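Asks: predicted model and sequence below, questions to follow.
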Amino acid sequence: MSVSTFDQLLGELRPSLTFQDTNMRRSVSPEERLIITLRYLATGNSFLSLHFDFRMGTSTIAGMVRATCSAIWLSLKSSVLPQPTRQQWLDIAQGFLERAQFPNCIGALDGKHIRVKKPPNSGSQYYNYKQFFSVVLLALADTNYRFIIVDFGSYGSTADARIFRASRMGRWLQSEQLDVPQPASLPGSTGPPAPYVVVGDEGFALLSHLMRTFPRRGLDGKRRNFNYRLSRARRFVECAFRIFSNKWRVFQSAIQLVWSSRRE
């Protein structure tokens with residue numbers, strides 16, 4: 001992170017990270033709070049390792065990281081993840097047409113399992129098919145590898161299709177509350193207008209605004225070509241997840257959950 005970016009982020013978060021000094025001790029400055037949190041997120045180091053680096057107690061560091069992450073989300077969610085306008089949907093669709101040759105596509109949808117430490121008394125709720133404990137990050141991405149809408153916190157044992165149906169993103173998309181453009185004719189086609197859709201893998205159900213691949217058995221040439229084109233469009237969300245986990249390496253290790261309900 002550049003110095004200018006850090007200063008800009010600190011300016012946004014300073015009111016939320018400033019605490020009053022007491023007669024017993026001096027409060028930790030906003031600069032230190034943000035530096036420690038970014039170090040934790042970028043490296044995935046344990047709180048014990050950060051204890052030796054910054055000469056602070058592990059419980060103090062843990063509390064600061066949780067509070068700072070909450071402040072980052074509350075302060076920046078409206079500017080970083082705003083609900084797209086109709087024109088922005090059209091710009092996203094143009095990107096998929098140019099880079100993946102898949103028309104009328106407004107996003108690539110997929111879920112990523114974030115490894116967590118097993119919460120107490122949780123049974124098998126967080127145990128996924130990959131045989132580790134996780135929560136699911138469900139995300140819609142564009143061709144610039146940016147997340148458009150995210151839903152985070154569902155149990156790892158829950159299927160992506162079920163998470164999508166229960167999420168605010170899925171409900172809004174099916175009830176047409178996301179200002180998705182009206183159906184339009186496909187390029188070079190004289191057929192009826194086709195709806196704008198998000199693309200997902202075979203784990204999702206086919207919906208009016210969600211397109212998935214054909215089953216793999218008995219495919220003819222046209223269906224194989226369609227599956228190839230859709231997979232080219234869907235790879236953008238998979239690449240976005242890889243960039244995300246390599247940038248913030250804390251998501252490559254098991255995280256200790258500090259909440260009990262899902263977040264959107």
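Replies: Here it is on my side, so go on. Numbers count the residues shown, from 1 in each chain.

Asks: if you count neighbours, what's buried in the helix ranked longest in the chain?
Replies: The longest helix of the chain (DSSP state H) is helix 221-247. By neighbour count on 16 or more other CB atoms under 10 Å, the buried set for helix 221-247 is 226-227, 229-230, 232-234, 236-238, 240-241, 244-245. To be clear about C-beta, it is placed using only N, CA and C from the backbone, and glycine gets the same treatment.

Asks: and it, what does it pack onto?
Replies: helix 86-100, strand 105-115, strand 134-141, strand 197-199 (3 or more CB pairs under 8 Å, 6 or more residues apart in numbering; DSSP states H and E).

Asks: ok, how many other residues are close to Leu219?
Replies: For Leu219, the neighbour count with other CB atoms under 10 Å is 14.

Asks: where's it relative to Gly200, distance?
Replies: 18 Å (CB to CB, to the nearest Å).

Asks: with Gln131 instead?
Replies: Distance from Gln131 to Gly200, by CB to CB: 23 Å.

Asks: same thing with Leu257?
Replies: Taking CB to CB, one finds Leu257 at 26 Å from Gly200.

Asks: tabulate the helices and strands packed on helix 221-247 (JSON lines), appending mean pLDDT, mean neighbour count and distance to Arg168.
Replies: JSON lines is the format used below for these (pLDDT from 0 to 100; neighbours: other CB atoms under 10 Å; distance: least, CB to CB, whole Å):
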{"stretch": "helix 86-100", "mean pLDDT": "94", "mean neighbour count": "16", "distance to Arg168": "17"}
{"stretch": "strand 105-115", "mean pLDDT": "94", "mean neighbour count": "24", "distance to Arg168": "14"}
{"stretch": "strand 134-141", "mean pLDDT": "94", "mean neighbour count": "24", "distance to Arg168": "11"}
{"stretch": "strand 197-199", "mean pLDDT": "94", "mean neighbour count": "27", "distance to Arg168": "14"}
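
Asks: of all these, which lies closest to Val28?
Replies: strand 105-115 (27.3 Å; CB to CB).

Asks: send me the closest one as CSV with only the CA atoms.
Replies: Extracted in CSV, the C-alpha atoms of strand 105-115 (Å, rounded to 0.1, in the frame of the first residue of the first chain):
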residue,chain,number,x,y,z
CYS,A,105,-23.8,-10.7,-19.0
ILE,A,106,-23.7,-8.4,-15.9
GLY,A,107,-21.4,-10.4,-13.7
ALA,A,108,-19.7,-13.7,-12.8
LEU,A,109,-21.0,-15.4,-9.7
ASP,A,110,-19.2,-17.9,-7.4
GLY,A,111,-18.6,-18.8,-3.8
LYS,A,112,-15.2,-19.1,-2.0
HIS,A,113,-14.8,-21.1,1.2
ILE,A,114,-12.9,-19.0,3.8
ARG,A,115,-11.2,-21.4,6.3
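
Asks: on that earlier part again, which one of Leu257 and Gly200 is surrounded by more residues?
Replies: Gly200 (26 against 16).

Asks: what sits closest to the more buried one if chain neighbours are left out?
Replies: Leu109 (4.3 Å; CB to CB, 6 or more residues apart in numbering).

Asks: touching, the one you found and Phe204? I think so.
Replies: Yes. With contacts defined as CB atoms under 8 Å, Leu109 counts as touching Phe204 at a distance of 6.9 Å.

Asks: now the helices: where do they sit in the stretch 151-264 of the chain?
Replies: In the stretch 151-264 of the chain, the segments counted as helices under DSSP state H, counting those that start in this stretch are 160-166, 168-174, 221-247.

Asks: reformat these as JSON lines; add distance to Ser46 and mean pLDDT.
Replies: Listed next are the helices of the stretch 151-264 of the chain as JSON lines, based on distance: least, CB to CB, whole Å; pLDDT from 0 to 100:
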{"stretch": "helix 160-166", "distance to Ser46": "29", "mean pLDDT": "91"}
{"stretch": "helix 168-174", "distance to Ser46": "33", "mean pLDDT": "89"}
{"stretch": "helix 221-247", "distance to Ser46": "18", "mean pLDDT": "92"}
